[in-house]
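> Got a predicted structure plus its sequence, pasted below:
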Amino acid sequence: MTRLTLRPNLATLRFPLPLRGSLDLALSPLVREDDGERSFAAAVAGLRDLCADDLTAVNQTITLSMRSQSPMIGEIAGHLINAGGKRLRPLLTLASARLFDYPGDDHIKLAAAVELIHGATLLHDDVVDASRLRRGEATANVIWGNKESVLVGDYLFSQAFEQMVSARNLKVLQILSRAAGVIAEGEVLQLATQKNLEATFEMYLAVVESKTAALFAAAAQAGAVIAGADPRDEDAMRSFGRNLGVAYQLVDDALDYAGREKALGKAVGDDFREGKMTLPVVYALDRAAPADREFWRRTIAEGRQNPEDFDRARRLIVATRALDDTFACARRYAARALDDLARAPQNPFAAALGDLAALSAQRVS
């Protein structure tokens, strides 16, 4: 079996900070825009094009899953799922299955299950975090209410498990059901670190690996398993998904301080206002002068915030190079994801997944 030979040297990964630049890797033409700039959005679009027929079938499966005797279920679930998300997680399942030449259609059910799990967690997250904006639209909890959002989230979980069971593969059921449990654990872990100025990088990483990377890893691994990949390849795809998920979340947390609300489709500064100890804050607090530590104590630990505090928080994060180091950490995880992918077969799906990983640390939305 032909294998990829691309193994990037971490020392050669260059990325002008905070937001622009590229990994020093050869990417396929599909991720180059007219001006020559490499784009994460174009990489996502390229993977979607490659999986277009499968993704259409996934969307149809999800639509059928949302049918219910209660019209509100379809309204709330449709508001979230049809709001224009990237569909990254189900794309990982589809591409991973096709990477290993899977000829069947059970990967459609698994990809739908992955997206339903993701949708359920988003509905629950928005209630827990009291979020008001997602993907540029008002959140379901704002429109319909918290109780309704939680119950419809539960319904999406139930539909996800129906899709898993219909694939008739006990190992895949175990992988995805375990991921759902780990995500819930991550939510509890995040509550334990919230407003905790003693939170460390290791504590933060445990939250990220549970809340985000677990589903990325399970999505990629499930595709390999349903395709009958050998244990070595299955492990490579699981690790690829995990490392990609960590890189993605690191950038997401950095963009809460460095991003633009219009591009992100959600309010910037939400993590700060909620007292979340994301990596930019962990780094900034570790390097803070005494007066600045008092600022972080007042705003994060005690939750006493003034309207101008978010701008000061951003200035402190930039001044301590906390953003620089968060993006640098994301690049290291992106490089590990590429290293994992180097163990997989070489074909167009591997190339598209490689583009996605290589550009994951430079996205702006």
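In hand now; what should we look at? Residues are numbered from 1 along each chain as shown.
> what about the nearest residue to Ser239 once chain neighbours are set aside, which helix or strand?
Ranked by CB to CB, 6 or more residues apart in numbering and with sequence neighbours excluded, the top spatial neighbour of Ser239 is Asp340, at 4.5 Å. C-beta: built from backbone N, CA, C; applies to glycine. According to DSSP states H and E, Asp340 maps onto helix 322-341.
> after that helix, next one along is what?
helix 348-359.
> Okay, buried residues for that following helix please.
Buried positions in helix 348-359, judged by neighbour count with 16 or more other CB atoms under 10 Å: 349-359.
> For this structure, name the helix or strand with the lowest mean pLDDT.
Sorting the helices and strands of the chain by mean pLDDT, DSSP states H and E puts helix 261-264 at the bottom, at a mean of 57.
> for the stretch 201-350 of the chain, what are the low-confidence residue spans?
259-266 (pLDDT under 70).
> For it, just list every one of the helices.
With helices called from DSSP state H, counting those that start in this stretch, the stretch 201-350 of the chain shows them at 201-208, 214-226, 231-258, 261-264, 270-273, 279-286, 290-296, 309-319, 322-341, 348-359.
> quick one, the third one and helix 309-319 angle?
It refers to helix 231-258. 120 degrees (axes from the mean of the first three to the mean of the last three CA atoms, to 10 degrees).
> List the buried residues of helix 231-258.
Residues 233-234, 236-258 are the ones in helix 231-258 that count as buried (16+ other CB under 10 Å).
> closest one to Val172 among the helices of the stretch 201-350 of the chain?
Val172 lies closest to helix 214-226 among the helices of the stretch 201-350 of the chain, at 5.0 Å (CB to CB).
> who does the helix holding Asp340 touch, helix- and strand-wise?
Contact partners of helix 322-341 among helices and strands, from 3 or more CB pairs under 8 Å, 6 or more residues apart in numbering; DSSP states H and E: helix 231-258, helix 279-286, helix 348-359.
> starting at the chain centroid, how far to the shortest one?
Taking CA atoms, centre = their mean, to the nearest Å, one finds the center of helix 279-286 at 21 Å from the center of the full chain.
> who touches the closest residue to Ala284 other than its chain neighbours in this structure?
Of all residues beyond its chain neighbours, the one nearest Ala284 is Ala322 (4.1 Å), with distances taken as CB to CB, 6+ apart. Ala322 is in contact with 279-284, 287, 316, counting by CB atoms under 8 Å, 6 or more residues apart in numbering.
> measure Ala322 to Ala267 for me?
Going from Ala322 to Ala267 by CB to CB, to the nearest Å gives 20 Å.
> go on, Ser65?
Taken as CB to CB, the span from Ser65 to Ala267 is 29 Å.
> repeat for Asp49
31 Å.
> These two: which is more packed in?
Per other CB atoms under 10 Å, whichever of Asp49 and Ala267 has more neighbours is Ala267, with 14 against 11.
> Tell me if I'm right that Asp292 and Ile317 touch.
No. Using CB atoms under 8 Å, Asp292 is not in contact with Ile317; the gap is 10.5 Å.
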